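1. generate coordinates for the sequence data below:
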Amino acid sequence: MAEMSPPVRPRGLVSPNAALAVFVVVSLLALPAVIQDPYIWGILVMANIYAALAAGLDILMGYGGLPVIGYGLFVGVGAYGAAFLNLHLGLPPVVTVPAGGLIGALFGLLLGVPCLRLRGLYLALASLAAAAICEKMVIVSYDLTDGREGLSGLDPISDVTLVNYYVSLALLLVFAGLLMALVRSKLGLILNSIRDDQDAAEAVGVDTNRYKLIAFLIASFIGGFWGAFMGHYMMHVGPEMFGLRIALMIIMITIVGGLGTVTGSLGGAYLLIVLNELLRGIGETRLLIFTAVTVVIMLALPRGAISTTLSFLSRGLTRLGAIVSRTGAR
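-> Here you go, the predicted model:
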């Protein structure tokens, strides 16, 4: 009996994933033309910032299986590093934002090297402790950092909110493209193997410490870069950037979007940041409702709301494409 050859997609038919990606990008580019409200644009800028931060954390948690709770460490040092360079040396954001990424990567190296052999809860606590120590140091160094009040008067990315939106979106798309290429490379496969079974990866000759350190450097650079961007966008940096609130928001976005999926982190940011803003008008119960909704999403969709939705849409588009192909062939 002759073997059946796998179905071949007709030439010119765009893959479902590519079609979804194009649709999302075009929608984000056209969104300000539909919603002409600078306040909404500002919310979307924050969504872009948190989307990039969540994608960076996902390199550690989703792909490498490294539970780094204190991700605010990299956000904070990048933000404060950019603030010092801007306020004291007069360097513009185009210089200080990438410099914030390098400062974040430096702290990623300082944290990563001693924590390479830690796993699970021990790594989570070590990262949390490092972030807490930096936060306290910033608070007590009042002469240098203005303590709890933080540093104000940073140069903005732009005085026009719409420009901030498009700059943050362009940078987000660049980072997302690079990360998607990275996780599909040899590095991504090795990180997945470390996440699934580190002992087995070491048994076949993988230098797990080396690749975990690379993951730390990539994620910490992203954290520092976008922490610096956030500081310039808000024109203020404070010790809360090291704190658990921002770190937990990033973690929730990563999990709700779907661990181990760059696109999930991006969609999760838009979902949770917009939801958080919609609940702002209900007062003190906002945090309770926001947390409850997030937990329900995590329990109902363990693979992530965005990942599950994209998978469903991709299958639907695949079936639609097959129907169109069969109809055209008749």
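
2. name the element the residue most central in space within the chain belongs to?
-> The chain has Ala54 as the residue nearest its centroid, 2.2 Å off, counting by CA atoms, centre = their mean. Per DSSP states H and E: Ala54 is located in helix 38-58.

3. which strands and helices sit next to that helix?
-> helix 161-183, helix 208-234, helix 244-257, helix 262-278 (3 or more CB pairs under 8 Å, 6 or more residues apart in numbering; DSSP states H and E). For every residue, glycine as well, the C-beta is placed using N, CA and C.

4. could you save those helices as CSV and add columns showing mean pLDDT, mean neighbour count and distance to Val293?
-> Listed next are the helices and strands packed on helix 38-58 as CSV, based on pLDDT from 0 to 100; neighbours: other CB atoms under 10 Å; distance: least, CB to CB, whole Å:
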stretch, mean pLDDT, mean neighbour count, distance to Val293
helix 161-183, 91, 17, 24
helix 208-234, 92, 25, 24
helix 244-257, 85, 23, 9
helix 262-278, 82, 23, 7
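
5. which one of those lies nearest to Gly112?
-> In terms of CB to CB, the element of the helices and strands packed on helix 38-58 nearest to Gly112 is helix 208-234, at 3.4 Å.

6. run the angle between that closest one and helix 244-257 for me.
-> Put simply, helix 208-234 runs at 110 degrees to helix 244-257, going by axes from the mean of the first three to the mean of the last three CA atoms, to 10 degrees.

7. give me the contact list for the helix or strand just after helix 208-234.
-> Per DSSP H and E, the first helix or strand lying C-terminal to helix 208-234 is strand 236-237. Residues outside strand 236-237 that contact it (CB atoms under 8 Å, 6 or more residues apart in numbering): Gly76, Ala79, Tyr80, Ala82, Ala83, Gly150, Leu151, Ser152, Leu154, Gly231.

8. make a PyMOL selection of whichever of the residues you listed turn out to be buried.
-> The buried residues among the contacts of strand 236-237 can be selected in PyMOL (16 or more other CB atoms under 10 Å) with this line:
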select buried, resi 76+79+80+82+83+150+151+154+231
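
9. quick check: the farthest pair among the contacts of strand 236-237?
-> Pairwise distances across the contacts of strand 236-237 (CB to CB) peak at 15.9 Å, for the pair Gly76 and Ser152.

10. which positions in the helix or strand hosting Ile289 come out as buried?
-> Following DSSP H and E, one finds Ile289 within helix 286-300. Neighbour-count burial for helix 286-300 flags Arg286, Phe290, Val293, Thr294, Ile297 (criterion: 16+ other CB under 10 Å).

11. among those, which one lies nearest to Thr254?
-> Nearest to Thr254 out of the buried residues of helix 286-300 is Thr294 (CB to CB; 11.6 Å).

12. got the contact list for that closest one?
-> Residues near Thr294 by CB under 8 Å, 6+ apart: Met252, Val256, Leu272.

13. any chance of those residues in CSV, plus distance to Pro32?
-> Formatted as CSV, the contacts of Thr294 follow (distance: CB to CB, whole Å):
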residue, distance to Pro32
Met252, 27
Val256, 25
Leu272, 21
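
14. closest to Asn164 out of these?
-> Taking CB to CB as the measure, Leu272 is the one of these closest to Asn164, at 20.1 Å.

15. once you drop chain neighbours, what's closest to that closest one?
-> Ile253 (5.3 Å; CB to CB, 6 or more residues apart in numbering).

16. tell me which of the contacts of strand 236-237 is nearest to Ile282?
-> Taking CB to CB as the measure, Ile282 lies nearest Gly150 of the contacts of strand 236-237, at 27.6 Å.

17. measure the nearest residue to that closest one once chain neighbours are set aside to Leu217 for me?
-> Excluding the flanking residues, the one nearest Gly150 by CB to CB, 6+ apart is Gly238, at 3.0 Å. Distance of Gly238 to Leu217, given as CB to CB, to the nearest Å: 26 Å.

18. same check on Leu109?
-> 6 Å.

19. ok, Phe175 next?
-> Per CB to CB, Phe175 is found 15 Å from Leu217.

20. count the neighbours of Val206 for me.
-> 15 (other CB atoms under 10 Å).

21. C-alpha coordinates for stretch 149-165, PDB please?
-> Taking C-alpha atoms only, stretch 149-165 is exported to PDB below (Å, rounded to 0.1, in the frame of the first residue of the first chain):
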ATOM      1  CA  GLU A 149      10.800  60.300  47.000                       C
ATOM      2  CA  GLY A 150      12.900  59.200  44.100                       C
ATOM      3  CA  LEU A 151      14.500  61.200  41.300                       C
ATOM      4  CA  SER A 152      12.300  63.500  39.200                       C
ATOM      5  CA  GLY A 153      12.900  65.800  36.200                       C
ATOM      6  CA  LEU A 154      14.200  63.200  33.800                       C
ATOM      7  CA  ASP A 155      14.000  64.100  30.100                       C
ATOM      8  CA  PRO A 156      11.000  62.500  28.500                       C
ATOM      9  CA  ILE A 157      11.200  60.200  25.600                       C
ATOM     10  CA  SER A 158       8.900  62.700  23.800                       C
ATOM     11  CA  ASP A 159       6.600  65.400  24.900                       C
ATOM     12  CA  VAL A 160       3.900  63.900  22.600                       C
ATOM     13  CA  THR A 161       2.100  60.900  23.900                       C
ATOM     14  CA  LEU A 162       1.400  59.500  20.500                       C
ATOM     15  CA  VAL A 163       5.100  59.600  19.700                       C
ATOM     16  CA  ASN A 164       5.800  57.700  22.900                       C
ATOM     17  CA  TYR A 165       3.300  55.100  21.900                       C
END
